[in-house]
Structure formats: structure tokens, C-alpha cells
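Sequence and predicted model, in that order:
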Amino acid sequence: MAALDLQEQEQIEELKGWWKENGNQVLGALLMVAVVLGGWRGWQYYQHEQSSRSAMLYTEFVKQLDSNDAGRINDAAAAMLEKFSSSAYAPRAALMAAFVNEQSNDVVRATTQLQWVIDHADETELRDVARLRLGALLLDEGKYSEVMSLLSSEHSSAFDGLYADLRGDVFNAQGKAEEARSAYKLAYEKTDANSMYRNLIQMKLDALVIKK
């Protein structure tokens, strides 16, 4: 039995290492899918509501995403924010550019873009995504109180699970196992049973059980 416990603990440690390296990217990718899909719906609607110039500029921004060139993507996003900041395209461009910058470790630029979305986006869901992404960056920097401040903001109920999960990460990073466990349990309950993200939350709970 002791050997089995040791094996389980090793598996949990491997999982924790994997999550530390990849968890942020997994969450970011999931959120970006929602943003891109929302952007496409926004595209179809705002085609008729906005000027053709804003639609063309957003099209150009989307093309730049395929280039994987952070400089060109940031230039296209900046043009979108400067010329059509009140459009539905602007916060989506800022969010996607921020994700690109996260991947290239340009944390300062990503932080600025995410804060822009929080301050300017009209859609609650986009602000919710931006807070989660910014919170993840701040967590990596050990700025726990700032993360908690972001998470205390009013948000859509659809994001309850993700917000609770990030709160659990903050507690876990602070060594507050019981608070982390409560937050993860809430996150698990609030996450769709068919979502693969629910399995990741369960893994975090299992890691806390081993640690205990």
C-alpha cells in the first residue's frame, strides 16, 4: 500500500509540473476559442452596423493572426484600437493580441491590452475573459491581492467555475490548502460535467489530498 501511495504521489507531482508549464496555455486556449467564436458572430452583426472600414481592418487583423508574427499582430491590433475603439471588434482584437503576447512572454504588452479590454469592452463576457487572463499573469508574478481584487468584480454566472478555479490557484500558491480545496470544489461544481476542464480541476483537488 505504501508503494502505491508513493506511485500516486509521484503521478501527482508530475501532474503539478505539467500544469505549471501548460495550465495557463490550456486555459488561455479555451478562452480564446470563445472569443474567436464570439468575434465571428460579432462580425456578422456589425458588418451591417459599422463602417466598412472597421470591418476591413478587423479582417486584416484576423489575417495577421495566421502569420504568427507578434509585431504585425500588435500593429494591426493597435490600429483597430486607435481607429475603431468603440466597435465590437476592438476588444476582441486586444484579447487575441494579448494571448499572442502571452505566448511570446511579452507580459507587459499583454497586461496593457487586457487592462484595455477591462476598461473599454461593452460586453460583460469579454471583460470576464480579460480579468481571468490578467489574473493568471498577476498570479505568476505573485501579486495575489491584485488577482483577488480582479476576481471580486461582478461577472457572468457562466464564468463562476473559472473564477473559483483561479481563486483556488491563488490560495494554493499561498499555501492555504483548505481555502484552495473549497475554491476548487466550487469550481468543479460550477463547471459543465462534459467539459475537459473539469478533469483538470479534479486533478488539482487530488494534488491537495496527497499534500494533506
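Nice, I can see it. Numbering: from 1, shown residues only.

Give me the residue ranges of this structure where confidence is low.
Along the chain, segments meeting pLDDT under 70 span 1-52, 209-212.

which residue is nearest the centroid of this protein?
Nearest to the geometric centre of the chain sits residue 133, at 3.6 Å (Cα atoms, centre = their mean).

Now it: which helix or strand?
Residue 133 belongs to helix 124-140 when assigned by DSSP states H and E.

And that helix, what does it pack against?
Here helix 124-140 touches helix 2-46, helix 89-103, helix 107-120, helix 144-151, helix 160-173, going by 3 or more Cβ pairs under 8 Å, 6 or more residues apart in numbering; DSSP states H and E. All C-beta spots, glycine's among them, are computed from the backbone N, C-alpha and C.

Hmm, residue 153 is touching residue 134, no?
No - between residue 153 and residue 134 there is no contact under Cβ atoms under 8 Å: 10.9 Å.

of those two, who's got more company?
residue 134 (22 against 11; other Cβ atoms under 10 Å).

Near the closest residue to the more buried one other than its chain neighbours, how many other residues are there?
Using Cβ to Cβ, 6 or more residues apart in numbering and skipping the chain neighbours, the partner closest in space to residue 134 is residue 114 (4.2 Å). Neighbour count of residue 114, defined by other Cβ under 10 Å: 29.

list the contacts for residue 114?
94-95, 98, 130-131, 133-134, 137 (Cβ atoms under 8 Å, 6 or more residues apart in numbering).

Which ChimeraX command selects the buried ones in the residues you listed?
Entered in ChimeraX, the line below selects the buried ones among the contacts of residue 114, by 16 or more other Cβ atoms under 10 Å:
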select :94,95,98,130,131,133,134,137
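
Mind putting the contacts of residue 114 into a markdown table with distance to residue 57?
Output for the contacts of residue 114, formatted as a markdown table (distance: Cβ to Cβ, whole Å):
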| residue | distance to residue 57 |
| --- | --- |
| 94 | 13 |
| 95 | 16 |
| 98 | 18 |
| 130 | 21 |
| 131 | 26 |
| 133 | 23 |
| 134 | 25 |
| 137 | 27 |
